[in-house]
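Chemist: Mind looking at a prediction? Sequence and model below.
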Amino acid sequence: MDADLTRRQLLRGTAAGAGLAVTAGLASPAAAAPLAEYDVVVVGSGAAGMTAALTAAKRGLSVVVLEKAPTFGGSAARSGAGIWIPNNQVLLAAGVPDTPAKAAQYLAAVVGPEVPAARQEAFLRHGPAMIAFVMANSPLRFRFMAGYSDYYPELPGGLPNGRSIEPDQFDGNLLGAELANLNPPYLATPPGLVVFSADYKWLNLAAVNAKGAAVAAECLARGTAAALAGQKPLTMGQSLAAALRVGLQRANVPVLLNTPLVDLNVENGAVTGVVTPQGLVRARRGVIVGSGGFEHNAAMRAQYQRQPIGTDWAVGAKENTGDGHRAGQRAGAALDLMDDAWWGPAIPTPGDPYFCLAERTLPGGLIVNQAGQRFVNEAAPYGDVVHTMYDKNPSAPDIPAWLIVDQNYRNRYLFRDILPLLPFPDAWYAGGAVFKASTVQGLAAQIGVPQAALKSTVDRFNGFARSGVDSEFHRGASAYDHYYTDPSVSPNSCLAPLWAPPYYALRLVPGDLGTKGGMRTDARARVLRPDGSVIRGLYAAGNASAAVMGHSYAGAGSTIGPAMTFGYIAANDV
């Protein structure tokens, strides 16, 4: 069939009897009357899937994207959309002093030997070409996130000023009616403002910092200008997903919503299509799976990951239930890194959890375990904080942990979208996400930690804050620690004493942006069996594949950057 086949045509085909027998989760090719046939079938319309589809289409191949959700964009559309790809043209144009040698040295130091060198090299070599490709073939444009440090800038090849980029402002009007199908953001931008991810650190400080106030004014000015121009301004993940979708529209690539992967069609050891509830969509050259992680599959999380774990602590798209992982396994794929995720401390607020970035790093707060003691550098990369929580929890329980702040902290800084001086929502108190007391000891009693221990911990922490040296956990020793901090605080912008009642405790649990384990792939994004052999016709990218970052995290955008890159690699190989 032609590449402009619509979902309605698929449904008509089903009604006409073009069904598919599925037995014990496996497609029966003899019973399959395919509803459609393309060169490439892509599963998932997130950053990995749409980049792959655009790449394949621009090679002259016929392509379809199958999307489980009623919206497109997946977790990418919900995200801040940082993208970590060394040596891309946006970085170099901004004067970032990066080189291939520096990047290779840094990535190797971050991920270690568990990720094959060939996969690391493929990511670093093809990433810049991918950025150039999407800029040439879609309206997607990028900005350098100046100052957002690599997460381990002191390692060889690390850059304290960072390598991360993010999407530029995009006019949603270019999507036409399809804009209504864009997956909404994790946190909506306040009406009338146009906010980039790089603005976030300054908006937290707008009440106490001149640059913060200026950035807030700039966000308002952008919003006003867009409104006067009749635009529907999008940034962050909304911009990324929308601009890629426009690229697919211009390339005549259909995205079929409400069309989940039921299974992979396998014939003679090769993957030849995707089974959907409507029937078989056949792939002449290959299937590229970009179906996301398994963060919302409780059984899989219980099988592969440490306890306690909760699907309601994850902020990835709710449709991410490991469909691609399980179908890949049935086709013979090996899985790697299934115990890990793109972790970060989260506050289990009513509705969606809140993934903490600046809040645990700003001066005037500390994190304690259930013994009332600190156990981690609060400003460390968020994945490291949760790894520490799990590592230490069996012997010194810290799930949940507690972020302790005082009223001085609340008077100065934005918290999520709650302005300074404004109270936390009543629902947070009712749900046990936050507690308040007039004394540290009273707060300890409310959260069930030893009163004397918490008072001693706060007193000791206050001494570190006054001296500027955290002799316990070295908060502020890394350049990364200072990104989400208050430059007006000295001698260490990461540290300020807690002294102003009332005091607050916010519950912290192991949240995540998505899981990072998935199908094992090679440097060409081909899916591998446990013996290392290639499953013909099957590729994977994004969180359906095992992350090239291994158990670590090189910098902001280490999820989306590799996802897009390996989607691009797969589509050029298929």
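Modeler: Great, that's in hand. Residues are numbered from 1 along each chain as shown.
Chemist: Go ahead and name everything in contact with stretch 448-457.
Modeler: 366, 368-374, 402, 404, 440-441, 443-445 (CB atoms under 8 Å, 6 or more residues apart in numbering). Bear in mind the C-beta positions are built from the backbone N, C-alpha and C, glycine included.
Chemist: Drop anything exposed from those residues.
Modeler: L366, V368, N369, Q370, G372, Q373, R374, W402, I404, V440, L443, A444 (16 or more other CB atoms under 10 Å).
Chemist: which among these gets closest to P420?
Modeler: I404 (17.8 Å; CB to CB).
Chemist: Which strands or helices does the helix or strand containing that closest one pack on?
Modeler: Using DSSP states H and E, I404 maps to strand 401-406. Counting contacts by 3 or more CB pairs under 8 Å, 6 or more residues apart in numbering; DSSP states H and E, strand 401-406 is packed against strand 341-347, strand 365-368, helix 440-447, strand 503-515.
Chemist: So for Y480, which of the ones you listed sits nearest?
Modeler: strand 341-347 (14.1 Å).
Chemist: helices or strands next to whatever helix or strand comes next after the closest one in the packing?
Modeler: Sequence order places strand 354-355 as the next helix or strand after strand 341-347, per DSSP H and E. Applying 3+ CB pairs under 8 Å, 6+ apart, one finds that strand 354-355 contacts strand 341-347.
Chemist: Given the strand it packs on, what are its sheet partners and their directions?
Modeler: strand 354-355 (antiparallel), strand 503-515 (antiparallel) (DSSP bridges).
Chemist: Could you tell me how far that strand lies from the centre of the chain?
Modeler: 10 Å (CA atoms, centre = their mean, to the nearest Å).
Chemist: Check stretch 558-568 too.
Modeler: Worked out by CA atoms, centre = their mean, stretch 558-568 lies 11 Å from the chain centre.
Chemist: Could you list the buried residues of that stretch?
Modeler: S558, T559, I560, G561, P562, A563, M564, T565, F566, G567, Y568.
Chemist: for stretch 57-77, same thing?
Modeler: 57-58, 61-69, 71-77.
Chemist: likewise stretch 122-129?
Modeler: Buried, per 16+ other CB under 10 Å, within stretch 122-129: A122, F123, L124, H126, G127, P128, A129.
Chemist: who's in contact with the fifth one?
Modeler: So that's G127. With the criterion set at CB under 8 Å, 6+ apart, G127 makes contact with I85, P86, N87, N88, G561, P562, T565.
Chemist: Helices - which of those residues land there?
Modeler: The members of those that map onto helices under DSSP state H are G561, P562, T565.
Chemist: could I get the residues you listed as a markdown table with distance to A452 and pLDDT?
Modeler: As requested, the ones in helices among the contacts of G127 are exported to a markdown table (distance: CB to CB, whole Å; pLDDT from 0 to 100):
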| residue | distance to A452 | pLDDT |
| --- | --- | --- |
| G561 | 47 | 98 |
| P562 | 47 | 98 |
| T565 | 52 | 98 |
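Chemist: could those residues go into CSV alongside distance to A94?
Modeler: Listed next are those as CSV, based on distance: CB to CB, whole Å:
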residue, distance to A94
G561, 16
P562, 21
T565, 20
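Chemist: List the pairing partners of the strand holding I404 within its sheet, with orientation.
Modeler: Strand 401-406 is paired, per DSSP bridges, with strand 365-368 (antiparallel), strand 503-515 (antiparallel).
Chemist: what about S533, neighbour count?
Modeler: S533 has 12 neighbouring residues, counting by other CB atoms under 10 Å.
Chemist: Roughly how far does the residue nearest the centre of the chain sit from P353?
Modeler: Residue closest to the mean C-alpha point of the chain, counted by CA atoms, centre = their mean, is L513 at 4.6 Å. From L513 across to P353, the span is 11 Å (CB to CB, to the nearest Å).
Chemist: circling back: could the buried ones among the contacts of stretch 448-457 be laid out in TSV, adding distance to V253?
Modeler: Below are the buried ones among the contacts of stretch 448-457 laid out as TSV (distance: CB to CB, whole Å):
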residue	distance to V253
L366	50
V368	51
N369	50
Q370	51
G372	56
Q373	54
R374	51
W402	48
I404	50
V440	58
L443	55
A444	57
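Chemist: so which of those residues comes closest to N258?
Modeler: W402 (41.8 Å).
Chemist: now the helices for the stretch 151-300 of the chain?
Modeler: With helices called from DSSP state H, counting those that start in this stretch, the stretch 151-300 of the chain shows them at 200-203, 210-228, 236-250, 298-304.
Chemist: With the stretch 401-550 of the chain instead?
Modeler: 407-412, 426-430, 440-447, 451-467.
Chemist: Tell me how many other residues crowd A117.
Modeler: Count around A117 with other CB under 10 Å applied: 13.
Chemist: Could you find the closest non-adjacent residue to it?
Modeler: Leaving aside its chain neighbours, A117 sits nearest to A108 (7.4 Å; criterion: CB to CB, 6 or more residues apart in numbering).
Chemist: and stretch 402-417, how far out from the chain's middle?
Modeler: On CA atoms, centre = their mean, the centre of stretch 402-417 falls 25 Å from that of its chain.
Chemist: List the buried residues for it?
Modeler: 402-410, 412-416.
Chemist: Quick one: residues contacting the nearest residue to M564 once chain neighbours are set aside.
Modeler: Closest residue to M564 apart from its sequence neighbours, by CB to CB, 6+ apart: T51 at 4.3 Å. Contacts for T51 (CB under 8 Å, 6+ apart) come out as M130, V134, L244, A563, M564, G567, Y568, A571.
Chemist: same check, this time on M135
Modeler: Q89, R141, F142.
Chemist: wouldn't M389 be in contact with P397 here?
Modeler: No: checked against CB atoms under 8 Å, the pair M389 and P397 is beyond contact range at 9.7 Å.
Chemist: With neighbour numbers in mind, choose between these two.
Modeler: The residue with more neighbours, out of M389 and P397, is M389; 24 against 13, by other CB under 10 Å.
Chemist: so who does that one touch?
Modeler: Taking CB under 8 Å, 6+ apart as the test, what M389 contacts is P345, F375, V376, D398, I399, A401, P510.
Chemist: One more pass at 10 Å, please.
Modeler: 306, 343, 345, 367, 369, 375-376, 397-401, 508-510 (CB atoms under 10 Å, 6 or more residues apart in numbering).
Chemist: Check those and tell me the two furthest apart.
Modeler: Of all pairs in those, the most separated under CB to CB is R306 and I367 at 18.9 Å.
Chemist: all strands in the stretch 1-150 of the chain, in order from the N-terminus.
Modeler: 22-23, 26-27, 36-43, 63-66, 83-84, 142-144 (DSSP state E, counting those that start in this stretch).
Chemist: So for R460, which of those sits nearest?
Modeler: Across the strands of the stretch 1-150 of the chain (criterion: CB to CB), the nearest stretch is strand 83-84, sitting at 35.8 Å.
Chemist: Tell me the strands beside the closest one, with direction?
Modeler: strand 164-167 (antiparallel).
Chemist: for stretch 86-94, what is the average pLDDT?
Modeler: Averaged across stretch 86-94, pLDDT comes to 98.
Chemist: please renumber so the chain begins at 794
Modeler: Yes, from this point I'll number from 794; that puts the last item at stretch 879-887.
Chemist: Show the end-to-end separation of that stretch, please.
Modeler: End-to-end span of stretch 879-887 (CA to CA, to the nearest Å): 13 Å.
Chemist: and that stretch, which residues are buried?
Modeler: Buried residues in stretch 879-887 (16+ other CB under 10 Å): P879, N880, N881, V883, L884.
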